[in-house]
Structure formats: C-alpha cells, structure tokens
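Asks: need the 3D shape of this:
(one chain, ligands or ions: 1)
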Amino acid sequence: MNALDRFSLVDRVAVVTGGTRGLGAGFARALGDAGAAVVLVGRDSEAADGVLDSLRSNDIRADFVRADVTVAADVEQVLEATLSLHGRVDVLINNAGACVHAPALDVTPEDWRAVMDVNLDAVWTCSQTFGRQFVSQGSGSIVNIGSMSGFIVNRPQWQPAYNASKAAVHHLTRSLAAEWAPHGVRVNALAPGYIKTDMSPVDDPQFRQHWIEDAPMQRYGAVEELAPAVVFLASDASSFVTGSVLVADGGYTAF
Ligand code: NDP
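Replies: You can find the predicted model right below:
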C-alpha cells in the first residue's frame, strides 16, 4: 500500500456529529471525498438537507440521523441507525459543539451546563456508545474536535466554560486512547484555531484586531485547511497515532 492509499476511506462508514453546518459539514465532505459513507448527526433537519444535497451531488453516500447528542438515548439510536443503514461503523467524529461568550462573573449555571453538556458530556457519551462497538469489533477511529482554547485563554470575548470543556476533551482523548489502544481503537483530537463559522465572532472588529494581529499567519483558517487533518486522523494514514492532539491554528499557540 502506498502512502496516499492509506488516506483512503473507501468502504468505511463515518459518523459526524454536528454535521449539519460549519466545520462538521466540511469534515463530512472531506471524509466523503476520501471514499467514506457519511452519517450526519444534528438537530436541524432543514440545515441537514442542504448538506446532504451538496454531498450527494458530489457522489458521496450520505444520510442524516436527527439526534441531540446530549441525550444518551438519541446517541444509542444514532449507532443503531448507522449499523442498520450500513452494517458497519468505522469512524466517529465528535464535532458538535457550543460556546457562550461571557466574562466569568456573568456566566449563569445554565450557560455553564449548556456548554459542558454538548462539548464534554456528549463527547463522553458518544465515545462510550461507539467505543463499545469499536472495542467489540477490534477496530475504530474516534476524532474529537477540541480547540486551541483548550490550551490558551480567549479574549476579549471571554468563554471560561468553553475553554475548560476543550481542555477536558483533550485529556479525555488521551485517557480513552490509552485504554482502548490494545483493542485496536484509536482516539485522537484536532485542536483548531479560529475558523469562520456561526460559532466564531470572527467579524467582531475588536476580536478580529486581537486575533489577526497576534496570529503568526495574520489570518483565520478555513474549513478546507482543517478537513484533511480529520481524514488523516480517521484513516489508516495515522495507524500509529493515538492519544495525540493535533493543533491546526496557524501557529497561534506555538508562540
Ligand atoms: P457551528 O456553531 O457552526 O456548528 C455547531 C454544530 O454542532 C451544528 O452542526 C449543530 O447542529 C451541532 N450541535 C450543537 N449542539 C448539538 C446537540 N445538542 N446535538 C447535536 N448537534 C449539536 O460550530 P463550528 O462548526 O464552528 O464548530 C464545530 C466544532 O469545532 C465545535 O466542537 C467547536 O467547538 C470546534 N471549534 C470551532 C472553531 C471555530 O473557530 N469555528 C475553533 C476551534 C474549535 P444542529 O444545530 O443541527 O443541532
């Protein structure tokens, strides 16, 4: 097998949580381009239809399972639906996420819970649910979408819950990787810098000035620049990589 063949996801099935827009839609496209059948997971059926149309028009086999990843029964149903559609599952991308921008003293208990529920608890629930399947079949790759915010503190739009959740996701990645490596299951994370999506206040002038001026590359990233890293971590191209947190932030956290 040559090096490029190792990136192939032909005959593999990938589940992408939060695949209905933003980064998740871009990751689904890249996984599909690499040959995978993709299952999008989210709550917004209308948004999902747009992504499905785009994927299918590019000859990618794609389906949508409507689910709230913070609800364990929904997550179980995603696994069951995927197995019933494809008879197999190989890749889980834990991408669904949420952010509340507020200084620490203004964060309500509800804000804190809402962020932790999606960014951390749901990553755990999805990983455990799919992990059971992966361990029993002796193969599988989980890619958690962390953030450079798991290493540094975002400002001037403070987001303490988000930062804490992403740092926890990075360490959960290592914990699960160590435990499941003997079972043929790899667990890695991708830690992106700022990318323009609904979540990022990238058009805010103060934010823009701060992040662009301090960024070594002097720009935000694009989903197309992250997606190949997800394909790498999902595929056999990274067969000796587990427990890693791959930073893709234009060098921001390196300096
Ligand atoms: P978006 O806000 O554009 O998209 C969030 C996605 O998460 C949507 O598809 C949404 O689907 C899904 N989602 C949220 N809550 C739930 C839920 N309870 N159940 C199911 N799906 C849910 O965010 P991004 O694309 O920007 O972010 C994707 C990931 O990348 C997140 O984990 C984020 O933290 C991370 N990230 C983003 C960065 C950026 O600059 N954009 C930088 C670093 C990390 P639906 O509405 O259909 O439920």
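
Asks: for the strand or helix carrying Arg208, buried residues please.
Replies: Arg208 belongs to helix 205-214 when elements are defined using DSSP states H and E. Neighbour-count burial for helix 205-214, with 16 or more other Cβ atoms under 10 Å as criterion, is recorded at 207, 211. For the C-beta atoms, the positions are set from N, CA and C on the backbone; glycine is no exception.

Asks: repeat that for stretch 155-169.
Replies: By 16+ other Cβ under 10 Å, the buried positions in stretch 155-169 come out as 157-169.

Asks: how about the residues you listed in JSON lines, adding distance to Trp211, pLDDT and secondary structure?
Replies: What follows is the buried residues of stretch 155-169, written out as JSON lines (distance: Cβ to Cβ, whole Å; pLDDT from 0 to 100; DSSP: H, G, I helix; E, B strand; the rest coil):
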{"residue": "Gln157", "distance to Trp211": "10", "pLDDT": "82", "secondary structure": "coil"}
{"residue": "Trp158", "distance to Trp211": "14", "pLDDT": "92", "secondary structure": "coil"}
{"residue": "Gln159", "distance to Trp211": "13", "pLDDT": "95", "secondary structure": "coil"}
{"residue": "Pro160", "distance to Trp211": "18", "pLDDT": "97", "secondary structure": "helix"}
{"residue": "Ala161", "distance to Trp211": "20", "pLDDT": "98", "secondary structure": "helix"}
{"residue": "Tyr162", "distance to Trp211": "15", "pLDDT": "97", "secondary structure": "helix"}
{"residue": "Asn163", "distance to Trp211": "15", "pLDDT": "98", "secondary structure": "helix"}
{"residue": "Ala164", "distance to Trp211": "20", "pLDDT": "98", "secondary structure": "helix"}
{"residue": "Ser165", "distance to Trp211": "20", "pLDDT": "98", "secondary structure": "helix"}
{"residue": "Lys166", "distance to Trp211": "16", "pLDDT": "98", "secondary structure": "helix"}
{"residue": "Ala167", "distance to Trp211": "19", "pLDDT": "98", "secondary structure": "helix"}
{"residue": "Ala168", "distance to Trp211": "23", "pLDDT": "99", "secondary structure": "helix"}
{"residue": "Val169", "distance to Trp211": "21", "pLDDT": "99", "secondary structure": "helix"}
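
Asks: so Ala96, which of the three states?
Replies: coil (DSSP: H, G, I helix; E, B strand; the rest coil).

Asks: wait, what's in contact with it?
Replies: The contact partners of Ala96, taken as Cβ atoms under 8 Å, 6 or more residues apart in numbering, are 17-18, 24, 41-42, 69, 118, 122.

Asks: show me how far the helix holding Arg208 is from its chain's centre.
Replies: When C-alpha coordinates are averaged (Cα atoms, centre = their mean, to the nearest Å), helix 205-214 and its chain have centres 25 Å apart.

Asks: pull out the buried positions in the helix or strand just after that helix.
Replies: Counting by DSSP H and E, the element after helix 205-214 in chain order, helix or strand, is helix 223-234. Neighbour counts over helix 223-234 (16+ other Cβ under 10 Å) mark 223, 226-227, 229-234 as buried.

Asks: need the next SSE after helix 223-234, C-terminal direction.
Replies: Beyond helix 223-234 in the direction of the C-terminus, DSSP H and E gives the next helix or strand as strand 245-248.

Asks: which residues sit against that following strand?
Replies: Contact with strand 245-248 is made by 146, 148, 150-151, 170, 173-174, 188-193, 221, 225-226, 229, 232-233, 253-254, as judged by Cβ under 8 Å, 6+ apart.

Asks: this completes my enquiry, with thanks.
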